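Peer 1: how would this look folded up:
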Amino acid sequence: MSKKVVITIDFNITIRYITSLQGTFPLESVALEVMEDLGVGNPNDTPEIVSGVPGRTVRSVFNRTIVDAWQGKMLVQKGVAVPTALSKAFPIVRVNYSPSLIHVAEALFNAFSPVVPTITNARLVSVRARAGRHARAIFSE
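Peer 2: You can find the predicted model right below:
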């Protein structure tokens, strides 16, 4: 039996500079969906949404790595020039992709899917990046 842990991390101020649009957009939050293997019960049981030790552990590692690196900064694709006014307003973090929501979700999934099993008895199932009420993208296994 497994249980689903949904870990939502809010970003106070993280901006994304979208290369193709040449504009800035917020990154408001990221939700990590983790399935913890309990090793008992019927594998066809519907998982519960809970937050427990795996959630706290994954959140702690995510905060120390991604949030600390991105909070209050602007994500910009490597090699892309940013207007001077924007580069003065926000410190820049260079990433290997245009930081659209789907690319952010995919990059976080690829970075964290091998990490989660090493820190808890679980696996990363999906990452949802959100910017505003209706703008979100999900990347999953």
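Peer 1: ok, Leu124 to Lys3 distance?
Peer 2: According to Cβ to Cβ, to the nearest Å, Leu124 and Lys3 sit 14 Å apart. For the C-beta atoms, the positions are set from N, CA and C on the backbone; glycine is no exception.
Peer 1: between these two, which one's more packed in?
Peer 2: Using other Cβ atoms under 10 Å, the more surrounded residue of Leu124 and Lys3 is Leu124, with 23 against 19.
Peer 1: what sits against that one?
Peer 2: 32-34, 109, 112-113, 116, 141 (Cβ atoms under 8 Å, 6 or more residues apart in numbering).
Peer 1: can you list those residues in TSV and add neighbour count?
Peer 2: Shown next, in TSV, are the contacts of Leu124 (neighbours: other Cβ atoms under 10 Å):
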residue	neighbour count
Leu32	24
Glu33	21
Val34	25
Phe109	21
Phe112	20
Ser113	17
Val116	22
Glu141	11
